[in-house]
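# the amino acid sequence is not available; the structure is as follows:
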Ligand code: CA
């Protein structure tokens, strides 16, 4: 697995000076370069002029809605965007993800969790749009390119829909994929609201691939938001 480039630069969009200082210290200690923006307007300018490798966007900003910042950066840039939201901003979080953000952390967050999200985001940017091709579960192995699967060495049948679901999750390996995005990509835009499809198919996938389907190790539920495929680190 490729390590993140040590000199990768991160744009931190956050109006609270204490949190900015804390994030700068944490990211600098990991070898990242940091650009700080305290407002949404400033952030859209800094994103264009500094061309960071990844952006962290707080949703509660004084001037622009963080969702709007995500939309403006995403309009021209493919960089990974991680949103930071307080619990009370659940709806805004999903809006931001659907507007093109790649992942989120909820305030108050553990720095270790944010750093892991940043690494996943940077790996995603390096890997490009095809994503991970081979998924290793404890007892099962799925080759998305060849569309073959095995469990305990025995061939395993996955349906077309199951392969497509895994394919979408694998393209965003390590990051969250919203219900809407999964439903749109797999079943089409007219099914964007049919979250019960996902419950049924994810349950099936877990029982085929996870060692313990009730406590999945790789196919995780992000309650109220979507699903996340955990990468082999
Ligand atoms: Ca804030």
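That came in fine, so what should we check first? Given the structure is predicted, the values throughout are model-derived calculations rather than measurements.
# distance check, the closest residue to the ion within the chain against residue 81.
Using CB to the ion, the closest approach of the chain to the ion is made by residue 60 at 3.7 Å. All C-beta spots, glycine's among them, are computed from the backbone N, C-alpha and C. Going from residue 60 to residue 81 by CB to CB, to the nearest Å gives 16 Å.
# neighbour count: these two, which is higher?
Under the criterion of other CB atoms under 10 Å, the comparison of residue 60 against residue 81 puts residue 81 first, with 27 against 16.
# ok, the more buried one - contacts?
By CB atoms under 8 Å, 6 or more residues apart in numbering, the contact set of residue 81 is 54, 55, 56, 57, 70, 73, 74, 100, 101, 102.
# now, which of those residues lie within helices?
Where those overlap with helices, as defined by DSSP state H, the overlap consists of 70, 73, 74.
# possible to save these as a markdown table with distance to the ion, neighbour count and pLDDT?
Conversion of those to a markdown table gives the following (distance: CB to the ion, whole Å; neighbours: other CB atoms under 10 Å; pLDDT from 0 to 100):
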| residue | distance to the ion | neighbour count | pLDDT |
| --- | --- | --- | --- |
| 70 | 14 | 27 | 97 |
| 73 | 17 | 25 | 97 |
| 74 | 20 | 18 | 96 |
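# tell me the residues of the chain that contact the ion?
Those residues of the chain that sit near the ion, judged by CB under 5 Å from the ion, are 15, 58, 60.
# by pLDDT, give me the weakest of these.
The member of those with the lowest model confidence is residue 60, at 93 (criterion: pLDDT).
# quick one: contacts for it?
Neighbours of residue 60 in contact, by CB under 8 Å, 6+ apart: 15, 66, 85, 86, 89.
# quick one: it from residue 18, how far?
Here the distance between residue 60 and residue 18 works out to 14 Å (CB to CB).
# ok, now residue 112?
Separation of residue 112 from residue 18 (CB to CB): 19 Å.
# same deal with residue 204?
Distance, residue 204 to residue 18, by CB to CB: 46 Å.
# quick one, domains of this structure?
For the chain, the structural domains run 9-129, 131-229, going by automatic domain parsing.
# determine how far the last one lies from the middle of the whole chain.
Think domain 131-229. Between the centre of domain 131-229 and the centre of its chain there are 15 Å (CA atoms, centre = their mean, to the nearest Å).
# all helices for this structure, in order.
Counting by DSSP H, the helices of the chain are 17-29, 40-50, 66-74, 90-98, 111-127, 160-171, 179-187, 195-209.
# poorly predicted segments of this protein, please.
Along the chain, segments meeting pLDDT under 70 span 1-6, 129-131, 233.
# grab the nearest non-local neighbour of residue 90.
Closest residue to residue 90 in three dimensions, ignoring its sequence neighbours and counting by CB to CB, 6 or more residues apart in numbering: residue 224, at 6.6 Å.
# against residue 133, how distant is the one you found?
30 Å.
# residue 112 now?
Spatial separation of residue 112 from residue 133 under the definition CB to CB is 28 Å.
# those two - which one has more neighbours?
Neighbour count, other CB under 10 Å: between residue 112 and residue 133, residue 133 has more, with 13 against 9.
# just checking, that one touches residue 170?
Yes. Contact status for residue 133 versus residue 170: in contact at 7.4 Å, counting by CB atoms under 8 Å.
# between the two, which contacts overlap?
Residues touching both residue 133 and residue 170 comprise residue 144, with contact defined as CB under 8 Å, 6+ apart.
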